[in-house]
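Visitor: this one's structure only:
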C-alpha cells in the first residue's frame, strides 16, 4: 500500500466523518465548521487526482468566501435549533435510502469510467495541464452552458434578495427626492402671537411654622 493510497483513505475518512457531523451536530456553528473541514478534505482529494486548479478553487471560493459568509450569518441569526430538528428521526430512513442510492450511482459511474487522462505523465509532450485544459473546454465547447448557468445564478440571487427583503417599521430612512423638492415654507413656519403683559412679582411665601416642642411625660 503506497503513500497515495494511505492519503486517499485518510482524506476520504475525514470527508465522510465531517459530512456526517454536518447533519448530526446540534450547534449550527459546529455544523458549519465541520462543513469547512469536509471541503478541505475534498480539496486534498482533488490534489491527489492531480486536479490542482479545482482544489484551489474549492478552497478559495467555498472555504474562503461562501462558508465564511454562512458562518457569519449563522452566528448573527437567532436560530431555533429545537424547532428545526423536529421530524429529524421521522425522515431519517428515507434520507438514508436516498443517500445509499446516490452512493451506489457514484460507484457505478466511477467503476465503469475511464480515467486514464488523470494518470498522464508530465513528460508526455501531448499532455495538457489541468488548468489549461479546463480553460480551453470552458471557453470553447462549454461557453454557452457557462453563460446560461451564470444568468440562472444571477436570477436566483436577485429573486432570493427580493423574496427576503422586509421593510422594518422602526427603521429610519431618508428620501433624497423629497429633500431636493422641499421649499422654504415647508421648513420654517412663522406664527403671529399677541404680546402678553408682564405679571407682577408674587409676594414672598410666608415662613413655615416651627415644629411644636415634644410633650413632657
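Guide: Yep, that arrived. On a predicted model such as this, the values are computed, not experimentally measured, just so you know. Numbers count the residues shown, from 1 in each chain.
Visitor: helices of the chain, residue ranges please.
Guide: For the chain, applying DSSP state H gives helices covering 3-24, 28-48, 52-57, 67-76, 81-84, 88-112, 130-138, 143-164, 176-180, 184-187.
Visitor: tilt between the longest one and helix 3-24?
Guide: In terms of direction (axes from the mean of the first three to the mean of the last three Cα atoms, to 10 degrees), helix 88-112 departs from helix 3-24 by 160 degrees.
Visitor: just the mean pLDDT for helix 88-112, thanks.
Guide: Mean per-residue pLDDT for helix 88-112: 84.
Visitor: now the last one
Guide: Averaged over helix 184-187, pLDDT sits at 73.
Visitor: and the third one, by the same measure?
Guide: Averaged across helix 52-57, pLDDT comes to 84.
Visitor: what sits against the most centrally placed residue in the chain?
Guide: Computing the C-alpha centroid of the chain and ranking residues by Cα atoms, centre = their mean puts residue 70 first, at 2.6 Å. By Cβ atoms under 8 Å, 6 or more residues apart in numbering, residue 70 lies in contact with 32, 35. Every residue, glycine included, has its C-beta placed from N, CA and C.
Visitor: 10 Å - rerun?
Guide: 28-29, 31-32, 35-36, 62 (Cβ atoms under 10 Å, 6 or more residues apart in numbering).
Visitor: can you tell me how far it sits from residue 63?
Guide: From residue 70 across to residue 63, the span is 11 Å (Cβ to Cβ, to the nearest Å).
Visitor: pLDDT below threshold where in the protein?
Guide: Within the chain, the segments meeting pLDDT under 70 span 1, 75-88, 113-128, 166-168, 197-217.
Visitor: would you map out the domains in it?
Guide: Following automatic domain parsing, one gets these domains for the chain: 1-81, 91-162.
Visitor: out of those domains, deepest packed?
Guide: domain 1-81 (a mean of 15; mean count of other Cβ atoms under 10 Å).
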